[in-house]
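Peer 1: Using only what follows, build the 3D model:
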Amino acid sequence: MSLPSFLGKGCHPLYRIMKSNQLINHVASAYTWTAVANLFRYCTGFAISIVLARLLPPSAYGLIGMVIVFIAFAEVLQDIGLSEAIIYFRQDTHFGKFFTISGTAGILLALTCWAAAPLVSRFYHEPQLTVLVRVLSLTLPLISIKSVSVAVLSRELRFREIAIVESATSLGCGLVAIALAWMGLGVWSLVWNLILLAITQTLVFARYVRPRFMWHTGGTGLTNLLRWGMPLTGATLLWQFYSNADYIVVGRMMGIEALGWYSFAFRLATLVNDKISAVINRVSLPSLSSMREDRVQLIEHWFSVSRKLALVNFPLLMALAANSNELILVTVGPKWLPAALPLRFLCVTGALKTVLPIIPNVLSACGRTVTVFRYNLLSAIVLPLSFAVGCHYGGLLGVGLAWCVIQPILSILLIIPAVRLVNVSLRSYLMNLKAPALVAGLCLLAMLPFGFLPVGVLSRLILRSFAGLACYIVCLWQLEKARTAATMLRALVISLRAGAAPAGSSGR
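Peer 2: Numbers count the residues shown, from 1 in each chain. Got it, this is the predicted structure:
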């Protein structure tokens, strides 16, 4: 007799504990592999970005930034929520219909982007954009196939395979981009990087989850899939709009060179966050979906991930903001110095964005995709208007200020429904982030005095970095000591309560 049969599968407490521990181990492994892979891609991506910035002019980044905004919308539309639906409806194994729908949407949107390319060129007054959009639109059918394969692997928590494939292909395609930029291909080095990335990842992921196509609607009906997925698709589409609205505004109102500076600053400010957020977005939805029947476990997972994420990202972004001038001068030279000012503001709002990506997944895992859609709809109205006003009156500085003023207000409107849904207070959520915010503030204070020393730019950058790192290590050590003391105190209280219970009962 098997162990589940002996225990009474699904009902015996011991079986449920074993199943819960197995799930926790799978989730921990998923986070570990994805985090290690994203750390690797961050380090290699940062180095590749610095080399490319030295080889390419700001206008090349401006052009690719204009194209990416348009292609990103198409990528969201071709998915129509299927990737998330594959994860949410865990019992449905009829993957052929997912490949068929996603692949068809990718082909249709590729044709649409090809036809609409001249309109994008006219909007930005840049003739080069027509051919760039048309070439990159050819990657949409590939991306649609890849997204289904990755979603299936994610549902099965096979993040080891995902991590290895994405890390290897990103490094290889990045090195090719450097070679092409060194040969003088300019913006086309960035374009070929994206094309090769789409081709290689689609082919390799197809070896793990073989694409097959059929219109059979067995399992979860298409109506249920679309009813759950379409609000999430709408929310993602709106997110793509308002998160790229600053690119649209700067490119339209200030031109490609200003957009090049801004996009480079945005890339530096979000490079860490994007890699870490990729971990959270990819792992948290399948993890939280598997925990939605146990709200206590879901809350603990949400709070623990948010706190650990903030403990890494808050201090790092504060260090980047404090050293923006020195970092840009040392790494890419004075031609990129105008990017330093928006970089500081983007680092501040980036700290807030650190803890936001998991919240829509908390809501989606509990079936509240409409709440996510409503929040993104409000953001898509308010943020672009604030960017336009800020850019008109303050240029790149105005756009940075718009992020810092409006984003915190909107974030509270997303956090409140989430904490109410799981029956915790807003104060509890904010207190969970108290330690990371304190560590970031202390690291910033440790670095600031070194800015007044009469030394060179490189020496100042090294001294500040060393001071910030030393302060960070000390803070982590103190936090670990405090956590150990709290654990010991909690164990003592539990033991005292256990010892007091028999005495109380004997006195009656």
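
Peer 1: Show me this structure divided up by domain.
Peer 2: According to automatic domain parsing, the chain is divided into the following domains: 37-220, 228-436.

Peer 1: Tell me which of those approaches I473 most closely.
Peer 2: Within the domains of the chain, the stretch nearest I473 is domain 228-436; the backing value is 10.6 Å (Cβ to Cβ). The way it works is simple: take the backbone N, C-alpha and C, and place the C-beta from them, glycine included.

Peer 1: longest helix of the protein?
Peer 2: Residue-count comparison of every helix in the chain, with assignments taken from DSSP state H, identifies helix 369-421 as the longest.

Peer 1: what about G367, helix or strand, and which?
Peer 2: G367 belongs to no helix or strand when elements are defined using DSSP states H and E.

Peer 1: Give me the phi and psi angles of it.
Peer 2: For G367, the backbone dihedrals (degrees, to the nearest 10) come out as phi 80, psi 10.

Peer 1: quick thing: my sequence starts at 17, can you match it?
Peer 2: New numbering, starting at 17: the last item is G383.

Peer 1: From E309, how far out is it?
Peer 2: In this structure, G383 and E309 are separated by 12 Å, where distance is defined by Cβ to Cβ, to the nearest Å.

Peer 1: okay, the two: which has more neighbours?
Peer 2: Neighbours per residue (other Cβ atoms under 10 Å) separate G383 from E309, with G383 holding more: 13 against 8.

Peer 1: And that one, what's its pLDDT?
Peer 2: According to the prediction, G383 has pLDDT 74.

Peer 1: Extract the C-alpha set from stretch 123-141 and format it as PDB.
Peer 2: Provided in PDB are the C-alpha atoms of stretch 123-141 (Å, rounded to 0.1, in the frame of the first residue of the first chain):
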ATOM      1  CA  ILE A 123       0.800  36.100 -36.600                       C
ATOM      2  CA  LEU A 124      -2.200  38.600 -36.700                       C
ATOM      3  CA  LEU A 125      -0.400  41.100 -34.600                       C
ATOM      4  CA  ALA A 126       2.800  40.800 -36.600                       C
ATOM      5  CA  LEU A 127       0.800  41.700 -39.700                       C
ATOM      6  CA  THR A 128      -0.800  44.600 -37.900                       C
ATOM      7  CA  CYS A 129       2.500  46.000 -36.700                       C
ATOM      8  CA  TRP A 130       3.900  45.700 -40.200                       C
ATOM      9  CA  ALA A 131       1.000  47.700 -41.600                       C
ATOM     10  CA  ALA A 132       1.000  50.200 -38.800                       C
ATOM     11  CA  ALA A 133       4.800  50.900 -38.900                       C
ATOM     12  CA  PRO A 134       4.500  54.100 -41.000                       C
ATOM     13  CA  LEU A 135       2.100  55.500 -38.500                       C
ATOM     14  CA  VAL A 136       4.600  55.100 -35.700                       C
ATOM     15  CA  SER A 137       7.200  56.800 -37.800                       C
ATOM     16  CA  ARG A 138       5.000  59.800 -38.400                       C
ATOM     17  CA  PHE A 139       4.000  60.000 -34.800                       C
ATOM     18  CA  TYR A 140       7.700  60.400 -33.700                       C
ATOM     19  CA  HIS A 141       8.800  62.200 -36.900                       C
END
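
Peer 1: contact partners of it?
Peer 2: Here stretch 123-141 makes contact (Cβ atoms under 8 Å, 6 or more residues apart in numbering) with 82-83, 86-87, 90, 93-94, 143-147, 149-150, 152-154, 156-157, 267-268, 272.

Peer 1: Tell me the helix or strand right after the host helix or strand of R283.
Peer 2: Following DSSP H and E, the helix or strand that holds R283 is helix 272-307. Heading C-terminal from helix 272-307, the first helix or strand you meet, by DSSP H and E, is helix 311-338.

Peer 1: got the angle for that following helix vs helix 385-437?
Peer 2: Inter-element angle recorded for helix 311-338 and helix 385-437: 100 degrees (by axes from the mean of the first three to the mean of the last three Cα atoms, to 10 degrees).
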